[in-house]
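**Q** 3D model of this:
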Amino acid sequence: MTRRNKLEILSCILNLCKTDGSSKTRIVYQVNLNFKNAGLYLDWLVQRKYLEKEGRLYRITPIGRDLLNNLNDINSTINGHLDDVVSGED
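**A** Residues are numbered from 1 along each chain as shown. Below you'll find the model as predicted:
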């Protein structure tokens, strides 16, 4: 199993929060984090206004959607280049 980097974790969290929002418990189990680390990521995202907390739910903000789109673009670009390298194309 490969380790995920911080950008992949942020992308997973934002993705979970983009529809109806998500609770911290759901994020912990879906993203496979412990409560301490999930709290650190959520605090970071809320402080920078990528997420907002409404009651017990975290919801993505418009700038959070922009960040998620950018992270998805970066990941697909990198994964595409890695696929070329692994398959021997360049």
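**Q** name the helices or strands packed onto the helix or strand hosting L42?
**A** Per DSSP states H and E: L42 is located in helix 35-47. Secondary structure elements in contact with helix 35-47, counted by 3 or more Cβ pairs under 8 Å, 6 or more residues apart in numbering; DSSP states H and E, are helix 6-16, helix 24-31, strand 51-54, strand 57-60. (Glycine included, C-beta is placed from N, CA and C.)
**Q** buried stuff in that helix?
**A** Using 16 or more other Cβ atoms under 10 Å as the test for burial, helix 35-47 gives A38, Y41, L42, L45.
**Q** most packed of the helices and strands packed on helix 35-47?
**A** Highest mean neighbour count of the helices and strands packed on helix 35-47: strand 57-60, a mean of 20 (counted as mean count of other Cβ atoms under 10 Å).
**Q** partners of it, with directions?
**A** strand 22-23 (antiparallel), strand 51-54 (antiparallel) (DSSP bridges).
**Q** can you get me a residue count around Y50?
**A** Other residues within reach of Y50, judged by other Cβ atoms under 10 Å, total 23.
**Q** tell me who's in contact with it.
**A** L14, I60, T61, I63, G64, L67 (Cβ atoms under 8 Å, 6 or more residues apart in numbering).
**Q** for the first one, which non-adjacent residue is spatially closest?
**A** On the basis of Cβ to Cβ, 6 or more residues apart in numbering, the spatially nearest residue to L14 that is not a chain neighbour turns out to be L68, at 4.3 Å.
**Q** the one you found against C12, yeah?
**A** No - proximity of L68 to C12 does not meet the contact threshold set by Cβ atoms under 8 Å, at 9.9 Å.
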